[in-house]
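Q: quick one: sequence plus predicted model below, questions after.
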Amino acid sequence: MNGEAAAFQRKVQTHLVLRLLAAVFILAVTFLFQLRLAHDISEPVLTPLYVYAAVLFSVTLLSASVLRIMRRHELFAAAQFIFDVLAVTFLIYLTGGVASPFAFLYMAVIIAAAVLFQRRGSVLAAASCTIAYGALLDLQYFGWVHPVPFMGRPVPSGSNSLYFYTLTVTTAAFFLVASISGYLAAELQKFLRLSAQKSRDLRMLESFYRRLVESLGAGLITADAHGKITYANQAARKLLGAEGEILEGCPVAHWLSGLQENPAELEPEKKLPAVSVEGVVPRTPEAVPGEGPGAKGSVDDRRITGPAVREIPYETPGGEKKSFVVTVSQLEPLSDGLEGPVSVVVFQDQTLLKALQDRMKRLEQLAFAGKMAGEIVHDIKNPLAAISGVVQMMEAQWEGDDVSRRLRDILVREIDRLNALVGRFLWIAREGKGKDRAEPVKVSETVRQVLDALTISKLLTAHHRVHTDVSEKLTISLVPRHLFQILWHLVTNAAEASPQGAVIHIAARHQRLDDGRFGTVLTVSDNGPGIPEKLSQKIFDPLFTTKEGHLGLGLSVVCRLVDEAGGQISVGSSAAFPTCVRLFFPEA
């Protein structure tokens, strides 16, 4: 059953209920009239009316029970109106015919027909009532029927003027009521149709905007004047790591504490601007001229304050660190229906963007270092070569002089150190531009080579314990010497972080990332002192170092080699290792 059929059925049910009330009304009026006649109520003066009310009541109950199984409700309603016209006519017959006081009940039938069948139904009902009433009066006028006297009143004798006047006035009244009720019913139907259409449009619009808000990639939170969350979309729950929790009713600062300088100062009764980002100023009557109690436009002139934007750090309940860009706008009340201002908080995750920016910054720094190296390296190597040649030519003259020999050794050592330094800068300028191609490299074999070389060079001592978890069959598509260079720098840094001894763990395995990419994850971890968080974003910058006597090129070289291989590098920590360098190389 569609909506219109259900509504029509409800109207028919209402009509039957009203008929029941009419039966009760007739029964009550009959009883009162019986008492007014000062007779015993058991006398059969108005017994036909009691029977009439009982029959009307019974027929109405039967019709209500049949309505539930009826399919053609319009036909059923038309039959009910025919019964109503006949019932009213019979009631008039029982109460004196032309002298009956119940002729007005025809108008109730006409109005009910207008409600169910609009203007056409009201006109047909008026015509039916006129025919039925006119037929009764004609039969009474010609003496073919003899209505029952009502309350002892004598039935009027045949008078042309009385019958003609009564029929004319009632007929005019019938069609006047039909016209007015039909018009009003049509207007009511039009209003209900428009109201239903607007309700559907409003629901569709609400559903559209709700789906739109829910499908946003940015998190959206609304908060009331007390700073408590009233709505949070799905993206907000996902970004905050609270998909299974109820955010509504929680203070905004409980989840986004970075929106205030001191989260501990938050109180439930404070307004959101007090915990909001810098730049959101509470609009108090003292601060804003023309606003306040009694000021003109204090409600209608306020809409949305300018948004405040800020970057805040965030850590999910699972420990994942993110960076959000948060925009806070304050929606002022547009009407009395809104209690206080409503704050709208929109935030986006820019963690990947920041990582990409840091990566581009490192690449720019490496490019700049390479450019500088390319410009000055030859100018430095040529004088060094000349100085080295002169020293070799003068060695024969310094054989017998110990002081000269020591000076020569110092000079040769410093020349070699400068050559090594220039060579590393030259490598930065030239590496990646050669013709070497990537090839499958066994990770376990390269790990062993690096560990042997570091042991021979005394960078790994007996105090260091190295654990490896690398499959013998695991390979990475990479330039062989690049993988050696990467592991050399990472393991060296891990060993130098704890010269008194540390546990170094090297692991590699195939793994699929959260974004769907598949490749090899290589980790080098140590249980040293760890890297301070404020330095973790700078360790890959060229020439940045915290160690005396170091150039700060090792990790920047690693970063460049990993980037050239199409991989990613990140630094973090775990429960067992304060420092964990994680490399990802995509599957070739």
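A: Arrived safely, thanks for sending.
Q: C-alpha only now, for contacts and for neighbours.
A: Fine.
Q: pull the contacting residues for the residue at minimal distance from the centre of the chain.
A: What sits nearest the mean C-alpha location of the chain, by C-alpha atoms, centre = their mean, is residue 233, with 2.2 Å. Neighbouring residues of residue 233 by C-alpha atoms under 8 Å, 6 or more residues apart in numbering: 213, 214, 219, 220, 221.
Q: burial count for the closest residue to the third one other than its chain neighbours?
A: Spatially, and ignoring its direct neighbours in sequence, residue 219 is nearest to residue 236 (3.7 Å; C-alpha to C-alpha, 6 or more residues apart in numbering). Per other C-alpha atoms under 10 Å, the neighbour tally for residue 236 reads 25.
Q: now residue 236: how far from residue 207?
A: Distance from residue 236 to residue 207, counting by C-alpha to C-alpha, to the nearest Å: 19 Å.
Q: so residue 455 is in which element?
A: helix 443-456 (DSSP states H and E).
Q: what does that helix contact?
A: Everything outside helix 443-456 that qualifies as a contact, by C-alpha under 8 Å, 6+ apart, is 460-461, 470-472, 474-476, 483-484, 487-488, 492, 508.
Q: pull the distance from that helix to the chain's centre.
A: Centroid separation between helix 443-456 and its chain, computed with C-alpha atoms, centre = their mean, to the nearest Å, is 52 Å.
Q: using PDB, write down the CA coordinates of that helix.
A: Output in PDB follows, covering the C-alpha atoms of helix 443-456 (Å, rounded to 0.1, in the frame of the first residue of the first chain):
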ATOM      1  CA  VAL A 443      70.500  -8.800   1.400                       C
ATOM      2  CA  SER A 444      72.000 -11.500   3.700                       C
ATOM      3  CA  GLU A 445      75.300 -11.600   1.800                       C
ATOM      4  CA  THR A 446      75.600  -7.800   1.800                       C
ATOM      5  CA  VAL A 447      74.900  -7.700   5.500                       C
ATOM      6  CA  ARG A 448      77.800 -10.200   6.200                       C
ATOM      7  CA  GLN A 449      80.100  -8.100   4.000                       C
ATOM      8  CA  VAL A 450      79.300  -4.900   5.900                       C
ATOM      9  CA  LEU A 451      79.700  -6.600   9.300                       C
ATOM     10  CA  ASP A 452      83.100  -8.100   8.300                       C
ATOM     11  CA  ALA A 453      84.300  -4.700   7.000                       C
ATOM     12  CA  LEU A 454      83.200  -2.900  10.100                       C
ATOM     13  CA  THR A 455      84.800  -5.500  12.400                       C
ATOM     14  CA  ILE A 456      88.100  -5.200  10.500                       C
END
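Q: can you pull out the helices in this structure?
A: Ranges of helices within the chain are 3-36, 47-67, 73-94, 105-141, 160-214, 234-240, 252-255, 351-393, 402-430, 443-456, 480-497, 554-564, based on DSSP state H.
Q: dump the ones you listed into JSON lines; add distance to residue 581 as well.
A: Formatted as JSON lines, the helices of the chain follow (distance: least, C-alpha to C-alpha, whole Å):
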{"stretch": "helix 3-36", "distance to residue 581": "65"}
{"stretch": "helix 47-67", "distance to residue 581": "78"}
{"stretch": "helix 73-94", "distance to residue 581": "78"}
{"stretch": "helix 105-141", "distance to residue 581": "79"}
{"stretch": "helix 160-214", "distance to residue 581": "37"}
{"stretch": "helix 234-240", "distance to residue 581": "25"}
{"stretch": "helix 252-255", "distance to residue 581": "30"}
{"stretch": "helix 351-393", "distance to residue 581": "15"}
{"stretch": "helix 402-430", "distance to residue 581": "22"}
{"stretch": "helix 443-456", "distance to residue 581": "15"}
{"stretch": "helix 480-497", "distance to residue 581": "8"}
{"stretch": "helix 554-564", "distance to residue 581": "11"}
